[in-house]
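>>> Predicted model follows, preceded by the sequence.
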Amino acid sequence: MKDSLKIKKKLYEACLHFTNEKLTTVMNMMHSNKKALFSETKSSAGDKHETGRAMIQLEMEKLSGQLGEINLMDDVLKKMDYKKKSEVICLGSLIITDKTNYYLAISAGKIVINSVEFFAISTNSPIGQQILGKKTRDKIPFNNVTILEFY
C-alpha cells in the first residue's frame, strides 16, 4: 500500500483523538454528577433525596470504570510504535485483507483515511486475537478472511 507509514500515523492520531474525546466526555459527566451530588438538598421527602444521591453515586462508579478503560487504551497507545516494522502482525500493524482493512491498536471503530475505511481493533477482540502473529497470505477463520499484506 502506497504511503502506508503516513496512513499508520493518521490512524494512530485518530485513535489518540478517540481516547481524548472519550476522556473529555467522561470527565465532563463526572464533573456534572459531582455538582449534582453536592447540590442535592435535604427536602421533606428524605427517601427521594437519598434515592437521588444513590443514583448519582452509581453513575459515578460507572463513569469511574469507563475512566479506567480509557486509561488502559491510552497505555496501549503509549506502548505502540506505528513506525515499527515486523515479520508478523503485531500491535500497531496495518492489515489489508481481501474483505476489510484493520489497524491493530485499540477498539476505536471505523476510521476513514483518504476515502478508505479502516477498523481500529484491539488485540483482545476476537478478530484481533485471530490476526495477531499472522503473515501475508495467511487465512483467518473470522469470515474466512485472507491477509493480502500488512505494514
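It's in. Numbers count the residues shown, from 1 in each chain.
>>> and the next element down the chain from the longest helix along the chain?
Selection of the longest helix in the chain by residue count, based on DSSP state H, yields helix 4-39. With elements assigned by DSSP states H and E, the helix or strand that comes after helix 4-39 is helix 46-79.
>>> Check which helices and strands that following helix sits against.
Helix 46-79 sits against helix 4-39, with contacts defined as 3 or more Cβ pairs under 8 Å, 6 or more residues apart in numbering; DSSP states H and E. The C-beta positions use only the backbone N, C-alpha and C, and glycine is treated the same way.
>>> Could you list the buried residues of the helix it packs on?
For helix 4-39, the neighbour count (16 or more other Cβ atoms under 10 Å) marks 7-8, 10-12, 14-16, 18-19, 22-23, 26, 29-30, 33 as buried.
>>> Pull out the buried residues from the helix or strand of the chain with the lowest mean pLDDT.
When each helix and strand of the chain is scored by mean pLDDT, DSSP states H and E, helix 46-79 comes last, with a mean of 89. Buried positions in helix 46-79, judged by neighbour count with 16+ other Cβ under 10 Å: 56, 59-60, 63, 67, 70, 73-74, 76-77.
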